[in-house]
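Undergrad: Structural data only, the sequence is not supplied:
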Ligand SMILES: Nc1ncnc2c1ncn2[C@@H]1O[C@H](COP(=O)(O)OP(=O)(O)OP(=O)(O)O)[C@@H](O)[C@H]1O
């Protein structure tokens with residue numbers, strides 16, 4: 001890799017930060033969302049003081065996720081608190097998208113509150129946007145991989161099918177997720193795998209001769225390790241003409257390979273995942289077959305279809321749902337997923 005190429009890569013990797021936005025102080029009413037997702041299982045949470053903090057489930061960019069219980073019913077939820085001032089545009093976008101979605105493949109949101117969660121530091125934390133979410137017992141796929149290291153193909157097939165179904169739903173309502181990665185795929189005791197975290201998602205609008213992706217506030221962030229070549233280097237890969245949907249497919253391909261090899265698959269085991277290393281690996285790296293050695297032909301073919309660098313040749317979600325690696329997944333795949341995750345080794 002020449003110095004010239006390195007410099008070009010670094011220039012292309014500059015992040016476009018969202019302009020500062022001010023969230024209206026009561027942007028979201030302290031009531032459950034109007035979507036049918038909330039009405040079908042309405043937990044009757046009228047205020048954040050109805051919830052008791054049980055533990056911290058995890059921390060992400062700009063917020064913390066708590067395990068909470070409803071004081072009256074004892075029902076357990078995950079409460080995601082995004083502090084004001086961290087990335088208000090992302091928080092607002094997440095609230096807007098969560099109000100649109102209603103799918104068994106997307107983590108349910110029962111309500112969004114604008115205020116303080118009194119159980120944290122006795123309140124006084126400056127407040128934030130608080131999402132009452134379905135509690136996913138096994139946490140994220142990232143947590144599962146930390147415990148299990150690698151997953152067998154039939155379990156990966158089951159996970160991939162659920163994520164594809166979730167993406168099929170999202171793309172059908174014109175939402176591009178843009179941050180598919182293990183920590184945004186959550187797993188519950190029943191073996192259901194669901195997509196979460198819409199902080200960097202886009203809503204696609206139709207316009208002109210081709211569909212264009214618009215980002216209302218200019219935010220173009222996401223996790224670069226899982227980003228597609230056309231997002232990392234739009235100039236080289238004609239990213240400006242891509243509607244973004246197949247970017248989610250690329251990310252899913254990386255996740256599938258990561259489950260198989262037990263580490264981030266696009267760089268070597270000892271390599272530091274800095275911007276330039278990732279850029280080189282994603283845009284010019286090794287071919288899939290050298291990474292998923294010993295895999296079944298179906299799995300190798302599936303990964304190749306997802307990780308096609310030219311986005312025009314990459315398969316769509318609909319096409320991948322009829323790929324043999326997905327359609328041949330064992331009927332008892334979900335039960336296997338649960339027993340595999342629950343097993344101690
Ligand atoms: N509904 C949920 N049920 C159970 N655990 C959850 C739930 N939502 C999030 N978590 C846990 O909390 C962690 C943090 O989630 P969060 O969405 O805030 O950030 P992240 O996706 O890990 O990171 P980033 O903000 O960088 O995308 C997750 O990785 C997961 O372990």
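TA: Yep, that arrived. Treat the numbers as computed from the prediction; the structure is a model and nothing was measured.
Undergrad: how far does the helix ranked longest in the chain sit from the chain's center?
TA: In the chain, taking DSSP state H as the definition, the longest helix is helix 153-172. Mean C-alpha position of helix 153-172 versus that of the full chain (CA atoms, centre = their mean, to the nearest Å) differs by 12 Å.
Undergrad: For it, list every residue counted as buried.
TA: 153-171 (16 or more other CB atoms under 10 Å). For every residue, glycine as well, the C-beta is placed using N, CA and C.
Undergrad: Give the next helix or strand downstream of it.
TA: Sequence order places strand 175-176 as the next helix or strand after helix 153-172, per DSSP states H and E.
Undergrad: Can you name the residues in contact with that next one?
TA: 97, 100-101, 170, 198, 201-204, 213, 243-245, 247-248 (CB atoms under 8 Å, 6 or more residues apart in numbering).
Undergrad: which of the residues you listed lies closest to the ligand?
TA: residue 198 (9.6 Å; CB to the nearest ligand atom).
Undergrad: now the strand or helix carrying residue 255 against helix 153-172, angle please.
TA: Per DSSP H and E: residue 255 is located in helix 245-261. Relative orientation of helix 245-261 versus helix 153-172 (axes from the mean of the first three to the mean of the last three CA atoms, to 10 degrees): 160 degrees.
Undergrad: Please state the offset of the helix or strand following helix 245-261 from the chain centre?
TA: With elements assigned by DSSP H and E, the helix or strand that comes after helix 245-261 is helix 275-284. On the basis of CA atoms, centre = their mean, helix 275-284 sits 21 Å off its chain's mean C-alpha point.
Undergrad: Show me what helix 275-284 is packed against.
TA: If you count contacts as 3 or more CB pairs under 8 Å, 6 or more residues apart in numbering; DSSP states H and E, helix 275-284 packs onto helix 3-12, helix 229-232.
Undergrad: Okay, buried residues for that helix please.
TA: 275, 277, 278, 279, 280, 281, 282, 283.
Undergrad: Would you single out the least confident of the helices and strands packed on helix 275-284?
TA: Mean pLDDT per stretch puts helix 3-12 lowest among the helices and strands packed on helix 275-284, at a mean of 34.
Undergrad: Specify which residues of the stretch 101-250 of the chain, grouped into ranges, have pLDDT under the cut-off.
TA: The stretch 101-250 of the chain contains residues with pLDDT under 70 at 121-126, 206-222.
Undergrad: all strands for it, in order.
TA: 109-115, 128-134, 175-176, 185-187, 193-195, 202-207, 210-214 (DSSP state E, counting those that start in this stretch).
Undergrad: Residue 199: neighbouring residues, count only.
TA: Neighbourhood size, residue 199 [other CB atoms under 10 Å]: 24.
Undergrad: Residue 253 now?
TA: 26.
Undergrad: State the distance from it to the ligand.
TA: Separation of residue 253 from the ligand (CB to the nearest ligand atom, to the nearest Å): 19 Å.
Undergrad: Grab the nearest non-local neighbour of that residue.
TA: Spatially, and ignoring its direct neighbours in sequence, residue 253 is nearest to residue 306 (2.6 Å; CB to CB, 6 or more residues apart in numbering).
Undergrad: got the residues of the stretch 101-250 of the chain near the ligand?
TA: Within the stretch 101-250 of the chain, the residues that sit near the ligand (CB under 6 Å from any ligand atom) are 107, 133-136, 139-140, 142-143, 183-184, 186, 196-197.
Undergrad: can you list the buried residues of helix 275-284 in TSV and add distance to residue 46?
TA: Shown next, in TSV, are the buried residues of helix 275-284 (distance: CB to CB, whole Å):
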residue	distance to residue 46
275	46
277	50
278	45
279	48
280	53
281	49
282	47
283	50
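Undergrad: any chance of these in JSON lines, with distance to the ligand and pLDDT too?
TA: Conversion of these to JSON lines gives the following (distance: CB to the nearest ligand atom, whole Å; pLDDT from 0 to 100):
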{"residue": "275", "distance to the ligand": "16", "pLDDT": "84"}
{"residue": "277", "distance to the ligand": "19", "pLDDT": "88"}
{"residue": "278", "distance to the ligand": "16", "pLDDT": "88"}
{"residue": "279", "distance to the ligand": "19", "pLDDT": "87"}
{"residue": "280", "distance to the ligand": "23", "pLDDT": "87"}
{"residue": "281", "distance to the ligand": "20", "pLDDT": "89"}
{"residue": "282", "distance to the ligand": "18", "pLDDT": "90"}
{"residue": "283", "distance to the ligand": "23", "pLDDT": "87"}
